[in-house]
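Trainee: output the structure for:
(chains A and B)
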Amino acid sequence: MWVFLFYLFAAQARAAPCCAGGSAVPALITGDESELYQAGMSYGTVIGDAPGADGGIPVFRDGLSIAEDRGILTLNHARILDGDRLQAGISIPIQFNQLSQGGRAEDSVQIGDVSVVLGFETIPEWEYSVWKPRVFSFLQAGIPTGRSIHESQSFFASDVSGLGQFQLSFGSIALKRWSKWDLNLLARGGSVMGRSFVNASGGGVILGSSFLGTGSLGAGFSPSERVRLGGAISVDYQSPVEVLDSNIYSITSERLVWNSNVSLMFMIGADDSLVLGYQDQTWFGPAYNTSLSRSGYLSFVHRVER
Amino acid sequence: MKVLFFLVVLALSGLALVSCGVSPLLHHESPNREPQSEPDSQNQDASAPAGPRVSCDFWFLSQNLCASLTWVRKPTSEEPGEFSLSFWNKNQNSDQTVTHSAPLADKVFVKLWMPDMGHGSSPVTTNQAFDSNGTPRIGVFRSTGVFFIMGGKWEIIVQLKDASGGVLDSSKMIFQVNH
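Mentor: Below you'll find the model as predicted:
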């Protein structure tokens, strides 16, 4: 049984609630199954904040700072459409935010930005090759179903759960396995569409479009058929955004954050698996214009064989 | 061979972590608990009056007005802050108490803005200030509900608006928040 379960559904990497909309790895089938269902829960704490480019070094929060925790329940589904190489997937995040400082605390539960993906196995692996990877290409759309910072109605902005802007990106994932080792590489680029908002006080904000990019390099080791130890480093980038707010023009800093991820996957039976992971945004840098968090996650994956 | 490859990747990752000096884990600072503000250099006018109590924190070019910001209560970890805005003619001499002037506007509007991230904070309420007798203080306004949702560089933006909400003039100052 070839159980290469590259964990593609690690969509737990998110910026702080105020600036949600971090990396969203597409819900894709990269194994030999026809359908895939996944439910994952992550829980993270914001450790610090990185200023904009040239704005100084990151500041780690202390006991007097705003305490910012969040849980994200992510539901994913992907299925092969043509019985062969074409597939589609959907990812639905539900975000639980908890913010407190001093005697004030806020909780919020909001749906995040839903993403849908259309994927195609551009380089299949019909016969074994020492070097040739298996490659999937995808078109991913991020739908602004979450509440953005510009629509927030709460004091701490705890009700923010999404970027609030439509995103369209294209990317590829290359996977290669050698016996007990595996390697994966992801590259994604696209656009965040401009949008205008009307905030709670009646004012308006117009955001321009921007470029987004994601790169990821991961590796894994499977000491047995049912266990895989994995690690990955990914980087998320968003170019500066032009903002027109009440006739005042400004431009944001670029956003850059590095995610480090380690995971342990364990197969339960033939079709199910559990993934336990840890993600840290403080290990690698530089980081610009983002909060920095650490989170753990537990995920259950059910596969339907072809 | 493969083991060697992965060891090389691991070593390079470790090298990147410890040697580049950009890892937030190894290169960060703690919050500075003393709030500091500094005037926006774009708005700062060297010829503006600069007395011990009066500074041209905001300059409204079209009306030749300055406004000074005075904290009544700085935002704390538990409560939003409050400040007053005093408008005065920029041509007044500086080293004495200035005479306040009302701006030619139907509304003075204050908003907090984080330029790096491109978002604001909780809405600020700004109203005419009154003295202890209930008489309006000409050219003086009180802003309440001032709260910054996160640490970093913020802008305090003051806008003069007409009755329809159109912006007649605006000015801003930078405010560093150390949460």
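Trainee: low pLDDT regions in the chain?
Mentor: In the absence of a named chain, this looks at chain A. A:1-25, A:199-203, A:246-247 (pLDDT under 70).
Trainee: please go with chain B instead
Mentor: Ranges of chain B meeting pLDDT under 70: B:1-21, B:33-54, B:77-78, B:93-98, B:179.
Trainee: nearest residue to the middle of it?
Mentor: Geometric centre of chain B, nearest residue: residue B:156, 3.0 Å, by C-alpha atoms, centre = their mean.
Trainee: how much space separates that one from residue A:250?
Mentor: Residue B:156 is 14 Å from residue A:250, where distance means C-beta to C-beta, to the nearest Å. (Glycine included, C-beta is placed from N, CA and C.)
Trainee: for the residue of the stretch 101-250 of chain A found nearest chain B, give its distance to residue B:83.
Mentor: At 3.4 Å from chain B, residue A:102 is the closest residue in the stretch 101-250 of chain A, using C-beta to the nearest C-beta. Counting by C-beta to C-beta, the separation of residue A:102 from residue B:83 is 20 Å.
Trainee: more neighbours, those two?
Mentor: For residue A:102 versus residue B:83, neighbours defined as other C-beta atoms under 10 Å in any protein chain shown are more numerous around residue B:83 (22 against 12).
Trainee: so what's that one up against?
Mentor: By C-beta atoms under 8 Å, 6 or more residues apart in numbering or on different chains, the contact set of residue B:83 is B:69, B:70, B:71, B:72, B:142, B:143, B:146.
Trainee: pull out the buried residues from the residues you listed.
Mentor: B:69, B:142, B:143, B:146 (16 or more other C-beta atoms under 10 Å in any protein chain shown).
Trainee: quick one: the nearest residue to the last one once chain neighbours are set aside from chain A, how far?
Mentor: Translated: residue B:146. Leaving aside its sequence neighbours, residue B:146 sits nearest to residue B:81 (C-beta to C-beta, 6 or more residues apart in numbering or on different chains; 4.1 Å). Distance, residue B:81 to chain A, by C-beta to the nearest C-beta, to the nearest Å: 13 Å.
Trainee: right, and residue B:81 touches residue B:71 too?
Mentor: Yes - using C-beta atoms under 8 Å, residue B:81 is in contact with residue B:71, at 6.7 Å.
Trainee: isn't residue B:88 right up against residue B:138?
Mentor: No - Residue B:88 is not in contact with residue B:138 according to C-beta under 8 Å; the separation is 10.2 Å.
Trainee: who's more crowded, those two?
Mentor: The neighbour count for residue B:88 versus residue B:138, taken as other C-beta under 10 Å, is higher for residue B:88 (20 against 13).
Trainee: that one belongs to a helix?
Mentor: No - counting by DSSP: H, G, I helix; E, B strand; the rest coil, residue B:88 is not part of a helix but strand.
Trainee: number of residues surrounding residue A:234?
Mentor: Applying other C-beta under 10 Å, we find 22 residues neighbouring residue A:234.
Trainee: what of residue A:254?
Mentor: 17.
Trainee: now swap in residue A:131 and tell me
Mentor: Neighbours of residue A:131 (other C-beta under 10 Å): 6.
Trainee: please enumerate the shared neighbours of residue B:88 and residue B:138.
Mentor: Jointly contacting residue B:88 and residue B:138 under the rule C-beta under 8 Å, 6+ apart are B:100, B:101.
Trainee: and for residue 71, nearest residue in space, chain neighbours not counted?
Mentor: Using chain A here. Nearest non-adjacent residue to residue A:71, counting by C-beta to C-beta, 6+ apart: residue A:96, 4.1 Å away.
Trainee: switch to chain B, please.
Mentor: Excluding the flanking residues, the one nearest residue B:71 by C-beta to C-beta, 6+ apart is residue B:83, at 4.9 Å.
Trainee: for the residue nearest to residue A:143 when sequence neighbours are not counted, give me its contacts.
Mentor: Of all residues not flanking residue A:143 in the chain, residue A:114 sits nearest, at 4.8 Å (C-beta to C-beta, 6+ apart). Residues near residue A:114 by C-beta under 8 Å, 6+ apart: A:90, A:91, A:92, A:93, A:142, A:143, A:145.
Trainee: okay, and the beta partners of the fourth one?
Mentor: Applying DSSP bridges to residue A:93 gives these bridge partners: residue A:74.
Trainee: quick one: it from residue A:216, how far?
Mentor: 18 Å.
Trainee: the two: which is more packed in?
Mentor: It is residue A:93, of residue A:93 and residue A:216, that has more neighbours when counted by other C-beta under 10 Å, with 26 against 23.
Trainee: give me the distance between that one and chain B.
Mentor: With distances taken as C-beta to the nearest C-beta, residue A:93 is found 20 Å from chain B.
Trainee: for residue A:41, same thing?
Mentor: Taking C-beta to the nearest C-beta, one finds residue A:41 at 25 Å from chain B.
Trainee: touching, that residue and residue A:300? I think so.
Mentor: No - applying C-beta under 8 Å as the test, residue A:41 and residue A:300 come out as separate, 9.1 Å apart.
Trainee: helix or strand for the residue lying closest to residue A:86 once chain neighbours are set aside, which one?
Mentor: Of all residues not flanking residue A:86 in the chain, residue A:120 sits nearest, at 5.5 Å (C-beta to C-beta, 6+ apart). Using DSSP states H and E, residue A:120 maps to strand A:114-123.
Trainee: just the buried residues of that strand, please?
Mentor: A:114, A:115, A:116, A:117, A:118, A:119, A:120, A:121.
Trainee: restricting to C-alpha, output that strand in CSV.
Mentor: The C-alpha trace of strand A:114-123 is given here as CSV (Å, rounded to 0.1, in the frame of the first residue of the first chain):
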residue,chain,number,x,y,z
VAL,A,114,-13.7,30.1,1.6
SER,A,115,-11.4,28.9,-1.1
VAL,A,116,-12.1,26.7,-4.1
VAL,A,117,-9.6,25.1,-6.3
LEU,A,118,-9.5,23.4,-9.7
GLY,A,119,-6.5,21.1,-10.1
PHE,A,120,-5.0,19.0,-12.8
GLU,A,121,-2.2,16.4,-12.6
THR,A,122,0.1,18.0,-15.2
ILE,A,123,2.9,15.4,-14.8
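Trainee: what lines up beside the next helix or strand after it in the sheet?
Mentor: Sequence-wise, the next helix or strand downstream of strand A:114-123 (DSSP H and E) is strand A:134-143. Next to strand A:134-143 in the sheet, as set by DSSP bridges, lie strand A:114-123 (antiparallel), strand A:167-178 (antiparallel).
Trainee: hmm, who's touching the last one?
Mentor: The contact list for strand A:167-178, computed with C-beta under 8 Å, 6+ apart, reads A:4, A:6, A:8, A:21, A:26, A:28, A:30, A:113, A:115, A:122-123, A:130-142, A:182-193, A:212, A:214, B:2.
Trainee: enumerate the positions of it that are buried.
Mentor: A:167, A:169, A:171, A:172, A:173, A:174, A:175, A:176, A:177.
Trainee: what bridges to the last one?
Mentor: This means residue A:177. Per DSSP bridges, residues listed as beta-bridge partners of residue A:177: residue A:182.
Trainee: gap between it and residue A:127?
Mentor: 14 Å.
Trainee: the fourth one now?
Mentor: Computed with C-beta to C-beta, the distance linking residue A:172 and residue A:127 is 21 Å.
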